[in-house]
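[1] Let's see this in three dimensions:
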Amino acid sequence: MSMSCMVQNDGRAFDAASASTPQSERHDELISTAELRRAAWTCSVGSALEYYDFALYSLASALVFAPLFFSNSFPGMGLIASFATYFLGFAVRPLGGIFFGALGDRMGRKTVLLLTVTLMGVASAGIGLIPTYQTIGVWAPILLVLMRMLQGFGAGAEQAGAAVMMTEYAPEGKRGFYAALPFLGIQVGTVLAGVIYFAMLAQAGNITQTWLWRVPFLGSGAILVVAIYMRLRLKESPAFAQMKEDQSSESVPLRQTIRTSWRTILAGFGLRMSENGSSSIYQVLAISYLVNTVGLSSRWGTFALIGAAVVGAVTIPVAGILSDRYGRVPVYRTFAILQAISAVPVWYCFSLGNPMLSMAALSLALGIATWGMFGTQGAMLPEMFGARHRYTAVSLTREVSAVLAGGVTPLVGQFLITMIDKLHIGGANAGRIAWIPLSAYVVFLAVITITATMYIPEPRNRSLLDDNDVL
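    The predicted structure is shown next:
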C-alpha cells in the first residue's frame with residue numbers, strides 16, 4: 001500500500017492526499033457553475049411536482065373530494081373522510097423515506113430522485129382518472145386512497161433527496177442559498193395548483209359537477225416528463241462521488257442509523273414541528289376553515305394561498321442567504337418565534353371573514369414564518385447528519401415528523417371545528433370560535449421548535465464527508 005493510502009479504524013481504505021485537500025477546492029474541481037445551475041433547476045422541478053401534487057391534493061381535500069368520493073349521509077363527515085385520505089399520504093411517507101433513503105445512500109442520489117419523481121407523477125395523474133362514488137361506489141375512495149399512498153411513498157424521499165443533493169453540490173459558504181433554491185419549486189407548484197383551481201372555480205362555481213376537477217391532476221404528467229428529462233442529465237453529487245471513489249459509499253443499516261443518530265433525529269423532529277405542522281395547518285385546514293366555516297368563497301381561499309406562495313418565493317432564498325451569513329440555528333429560531341407571536345392575531349383575522357385581511361394574515365404566517373423555516377432547513381438538516389447515512393437520516397427525520405406534525409393536523413382540526421359547530425359552541429358564530437384552540441396549537445408547535453434550537457450545535461459549513469452527526 002502506498003504512503004498516500006491509509007486505513008480507517010473500520011477497515012475501509014481512503015486516499016490521504018485527497019482527504020488532505022480542502023473540501024471546497026475538491027468541490028470546485030468536480031462541479032462547474034453550469035452543472036451547479038443545472039442541479040438547482042433539476043431539483044426545483046422535482047420539488048415543483050411534489051408540491052404541485054401537495055397543494056393540489058390539499059385544495060381538492062378541502063373543496064371537492066368530499067362530494068366526489070364519499071357518501072354525504074352525515075353532514076361534515078365527507079370532509080373528515082377527505083382529510084383522512086390526506087393523512088394517509090403522510091402516514092406512508094416514512095416508509096418511502098426509509099426505503100428510498102437507504103437506496104440513495106447505497107446507489108446514489110440521482111438514481112433515487114429519478115424513481116421518486118416518476119412514482120409521484122404517475123400516482124397524481126392516476127387520481128385524475130378515478131371514477132366518482134356515484135359511478136363505482138366504495139371502489140372510488142379505495143382507489144383514491146391507493147393513489148394517495150403511492151403518491152406519499154414516492155414523496156417520502158423526494159424533498160429530502162433534493163435537499164441532500166443541493167447541499168452536497170453547493171460550494172462551502174453558499175450552501176444555505178443553493179439548498180434553498182429547490183424549495184422555490186414548492187412555491188411554483190403551489191402557485192400553479194392555486195391558479196388552476198382559481199381559474200376553474202371562476203369558470204364553473206361548482207366544479208364537482210363537471211370534469212374540470214380532473215384536469216390539474218392529469219397535468220402532473222407534463223411536469224413529470226420535464227422532470228425526468230432534466231434528471232437524466234444530472235451528475236451525481238460530489239460528496240457521494242467522493243465517497244464512492246474512497247470506497248466508503250456503502251450505506252449504514254437503518255437500525256444502526258437510529259442507534260447512532262437518535263439524538264440528532266429527535267432534534268430534527270423538534271425543528272419540523274412548527275415548520276411542517278404550520279404548513280399543513282395553513283395550507284389545508286385554514287383554507288377549509290375560511291371557506292367552509294367562515295363563509296369565504298372557494299376562489300378567495302385559493303387566491304389567499306397563491307398570495308402566500310408568492311411571498312414565500314421571496315422568503316425562501318432570503319432565509320437561505322441569512323443562514324449562510326448568521327448561521328442556521330439563529331435564523332431558524334427567529335422564524336419560529338415569529339410563528340409563535342403571530343398565531344393568535346392571524347387566526348383572529350381569519351375568524352373575521354374579511355378576504356383581504358385573511359390574505360395578509362396567511363401571507364405572514366405561511367409565506368414568511370413557515371417558509372422562512374423551510375428555506376433555512378434546506379442545508380441545515382443535511383449538515384446535521386454524517387455522510388454515509390445522510391439521505392436515510394434526513395428522509396427519516398422529515399417524514400416521521402411530517403406524520404406527527406402535519407399529516408394528522410387537518411383531520412383533527414376539522415373534527416374539532418365540526419364538533420364545535422354541532423354543539424353550537426359560540427352561538428350564532430358556531431364553528432368560528434375554533435380559531436382559539438387552533439391558534440393555541442400553532443403556538444404549542446412553535447414552542448417545541450424554539451426549544452429544539454437551544455440544543456442543536458451550529459452545523460453551518462461542516463465537512464460533508466464527515467461520518468459523524470452534529471450531536
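[2] what sits against the spatially closest residue to Ala405 that is not a sequence neighbour?
    Nearest residue to Ala405, sequence neighbours excluded (C-beta to C-beta, 6 or more residues apart in numbering): Gly277, at 3.6 Å. Bear in mind the C-beta positions are built from the backbone N, C-alpha and C, glycine included. Gly277 makes contact with Ala405, Gly406, Thr409, Tyr441, Val442, Leu445 under the criterion C-beta atoms under 8 Å, 6 or more residues apart in numbering.
[3] and what of Gly194?
    Ala55, Leu59, Thr302, Phe303, Leu305, Ile306, Ala309.
[4] In the residues you listed, find the pair that's most separated.
    Ala55 and Phe303 (13.2 Å; C-beta to C-beta).
[5] Any stretches of this protein with poor pLDDT?
    1-30, 62, 71-79, 203-209, 247-251, 424-430 (pLDDT under 70).
[6] where exactly do the helices run in the stretch 201-350 of the chain?
    214-218, 220-232, 238-245, 254-280, 286-288, 298-326, 328-352 (DSSP state H, counting those that start in this stretch).
[7] Number of residues surrounding the residue lying closest to Trp300 once chain neighbours are set aside?
    Leaving aside its chain neighbours, Trp300 sits nearest to Pro355 (4.8 Å; criterion: C-beta to C-beta, 6+ apart). The number of residues packed around Pro355, counting by other C-beta atoms under 10 Å, is 16.
[8] I'd assumed Val294 was in contact with Pro355.
    No. With contact defined as C-beta atoms under 8 Å, Pro355 does not reach Val294; the gap is 9.9 Å.
[9] where's Ile186 relative to Ala162, distance?
    Ile186 sits 10 Å away from Ala162, going by C-beta to C-beta, to the nearest Å.
[10] Within the helices and strands, which one has the spatially most central residue of the chain?
    Centroid check for the chain by C-alpha atoms, centre = their mean gives Gln159 as the closest residue, at 6.3 Å. If you go by DSSP states H and E, Gln159 is part of helix 158-169.
[11] Output that helix as PDB - backbone C-alpha positions only.
    The C-alpha coordinates for helix 158-169 follow below in PDB (Å, rounded to 0.1, in the frame of the first residue of the first chain):
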ATOM      1  CA  GLU A 158     -38.100  13.400  -2.900                       C
ATOM      2  CA  GLN A 159     -37.700  16.600  -0.800                       C
ATOM      3  CA  ALA A 160     -35.000  15.000   1.400                       C
ATOM      4  CA  GLY A 161     -33.100  13.900  -1.800                       C
ATOM      5  CA  ALA A 162     -33.300  17.400  -3.300                       C
ATOM      6  CA  ALA A 163     -32.000  19.000  -0.100                       C
ATOM      7  CA  VAL A 164     -29.200  16.500   0.300                       C
ATOM      8  CA  MET A 165     -28.300  16.700  -3.400                       C
ATOM      9  CA  MET A 166     -28.100  20.600  -3.400                       C
ATOM     10  CA  THR A 167     -26.300  20.700  -0.100                       C
ATOM     11  CA  GLU A 168     -23.700  18.300  -1.500                       C
ATOM     12  CA  TYR A 169     -23.500  20.200  -4.800                       C
END
